[in-house]
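A.B. asks: Just the structure for this:
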Amino acid sequence: MSPSLWGGRFSAPPAEVLKRFNDSLSFDRALLAEDVAGSVAWARALEKAGALTPAETKKLVRGLETIARRAAEDPESVPRGGHEDVHSYVETTLFATVGEVAGKLHTGRSRNDQVATDLRLWLKGAIAEARGDLLGLAAMLASRAGEEAATPLPGYTHLKRAEPVTFGHWCLAYVEMLLRDADRLDAALKRGDECPLGAGALSGTPVAIDREALARSLSFARPTANSLDAVSDRDLGADYLYGAALLLGHLSRMAEDLIFFQTDECRFVELPDALSTGSSRMPQKKNPDVLELVRGHAGRAIGELTGFLALTKGIPLAYDKDLQLDKEPLFRTRETLALALAALSPLVGGLKLHRERMAEAAADERLLATALADALARRGIPFRTAHEIVGKRFAEAERAGRSLRDLGPTDEITEEDLDAVDLERVLARRDVVGGTAPRRVARAARAASARIARLARETAPGGKGRNR
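C.D. replies: Modelled structure (predicted):
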């Protein structure tokens with residue numbers, strides 16, 4: 001039977017209400033793989049420092065690996081209660097597996113630096129996972145951009161038709177957002193790639209641990225520089241939640257666009273059947289629930305970030321129990337991101353485009369009026385004057401229920417100017433870096449695909465992906 005982690009000072013066992021309020025195994029069991037990895041590294045560091053014999057280390061490591069293997073093979077074998085937290089569960093199970101030598105593992109270590117290390121290891125995996133998943137969506141968007149580089153689509157400002165773009169150009173706008181998200185996650189990981197293990201409870205371990213070697217053994221770039229800060233620093237968690245909230249914000253914008261594009265009023269796109277839902281009452285309905293849930297979860301992600309910042313903003317040095325509450329928003333956000341990105345990639349890939357309707361809408365004269373003003377400006381008329389001339393002519397056409405072409409030339413607008421009111425010519429003229437000219441979009445799509453492939457081949461700094 002293993003001893004209690006902290007019972008020696010007390011004359012009475014913990015009250016049931018304290019255990020219900022204090023215990024965290026129901027959720028921090030998600031850190032078991034990280035807790036075992038940190039404990040294995042700590043055992044080996046203790047051996048190098050002379051605090052464990054090679055035989056003791058070998059026994060401890062085998063026991064820890066057994067615990068991890070059982071949990072990986074059957075996650076439900078890890079209980080959701082009966083222990084204070086995942087650390088006490090692992091220690092108790094280790095006692096049952098290897099005997100009294102398990103009591104030596106905690107030499108020079110505190111649950112404070114232990115949980116800080118576990119959480120950083122978990123966050124490194126969460127960030128690497130999110131990065132990989134968002135690059136998958138970015139690759140899908142870039143692929144569709146290449147396919148639809150010349151497919152006209154009305155562009156909007158203020159949700160009013162503004163100027164024509166192409167669907168490929170629309171796809172690449174979201175690629176740019178996602179690549180910024182990837183860069184933001186990489187930057188957070190580089191900044192937070194520090195190992196707290198060896199910081200002890202708050203003042204550092206009394207054992208002569210080589211913390212640089214310990215950090216390397218856990219794939220951290222370096223050890224933390226200050227023990228007080230190390231056990232209470234949750235900046236990487238805040239960075240992750242911020243990056244996730246902004247990423248979900250970008251996904252929400254894309255979802256809102258697609259919700260609009262698939263309305264009966266637009267009918268530019270149709271969602272895949274497998275990623276749409278129906279109505280229990282109206283048999284004709286095909287609803288964009290996936291997109292609406294992405295939009296909703298983006299709002300919740302902002303709340304998770306806000307709550308996390310409020311949790312950590314007033315904690316005095318060093319560790320305080322408030323920090324037990326840091327994990328659930330992180331766990332929830334990771335699951336949300338994984339599901340949202342997994343659903344959006346095939347949804348984008350399976351979009352059916354109604355190209356004729358998109359082209360018809362993009363050719364609306366309301367979107368081409370600017371091209372007429374530009375044509376006047378190319379003849380030397382000041383653009384502000386050209387803007388007013390075209391604005392008056394457009395209003396005249398609307399009152400008459402006719403098109404600009406039907407009204408014909410005037411003293412100020414020539415037949416050649418009116419020739420500019422043509423969808424293909426308008427798109428082709430946007431032939432600048434970042435413009436919507438089809439040949440520019442095709443080139444940009446190829447460049448984006450190559451960049452995404454390169455980033456996907458690169459491991460996120462210090463990241464390893466999902467642990468289960």
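A.B. asks: what pLDDT does the residue nearest to Leu159 when sequence neighbours are not counted get?
C.D. replies: For Leu159, ignoring the flanking residues on the chain, the nearest one in space by CB to CB, 6 or more residues apart in numbering is Phe260 at 7.8 Å. For the C-beta atoms, the positions are set from N, CA and C on the backbone; glycine is no exception. Listed pLDDT for Phe260 reads 98.
A.B. asks: Count the residues that sit near Phe260.
C.D. replies: When neighbours are defined as other CB atoms under 10 Å, Phe260 has 16 of them.
A.B. asks: so which helix or strand takes in it?
C.D. replies: helix 235-261 (DSSP states H and E).
A.B. asks: What residues sit buried inside that helix?
C.D. replies: Going by neighbour count (16 or more other CB atoms under 10 Å), the buried part of helix 235-261 is 236-255, 257-261.
A.B. asks: Next SSE downstream of it?
C.D. replies: strand 269-270.
A.B. asks: Next, Met282: secondary structure please.
C.D. replies: Of the three states, Met282 takes coil under DSSP: H, G, I helix; E, B strand; the rest coil.
A.B. asks: count of residues packed around it?
C.D. replies: There are 8 residues near Met282, going by other CB under 10 Å.
A.B. asks: mind checking how far it is from Gly307?
C.D. replies: 38 Å (CB to CB, to the nearest Å).
A.B. asks: ok, and the closest non-adjacent residue to Thr414?
C.D. replies: Counting by CB to CB, 6+ apart, the residue nearest Thr414 is Arg379, at 7.8 Å.
A.B. asks: Distance-wise, check that neighbour relative to Asp419.
C.D. replies: For Arg379 relative to Asp419 (CB to CB), the value is 13 Å.
A.B. asks: quick one: the helices in the stretch 101-250 of the chain?
C.D. replies: Listed in chain order, the helices of the stretch 101-250 of the chain (DSSP state H, counting those that start in this stretch) span 111-147, 167-192, 211-217, 227-232, 235-261.
A.B. asks: Out of these, which is the most enclosed?
C.D. replies: Mean neighbour count (mean count of other CB atoms under 10 Å) peaks for helix 111-147 among these, with a mean of 24.
A.B. asks: and that one, what other elements does it pack with?
C.D. replies: Counting contacts by 3 or more CB pairs under 8 Å, 6 or more residues apart in numbering; DSSP states H and E, helix 111-147 packs against helix 32-48, helix 86-98, helix 167-192, strand 194-195, helix 227-232, helix 235-261, helix 327-349, helix 438-457.
A.B. asks: With distance to Arg402 as added columns, please give these in CSV.
C.D. replies: Shown next, in CSV, are the helices and strands packed on helix 111-147 (distance: least, CB to CB, whole Å):
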stretch, distance to Arg402
helix 32-48, 70
helix 86-98, 74
helix 167-192, 30
strand 194-195, 69
helix 227-232, 71
helix 235-261, 29
helix 327-349, 40
helix 438-457, 30
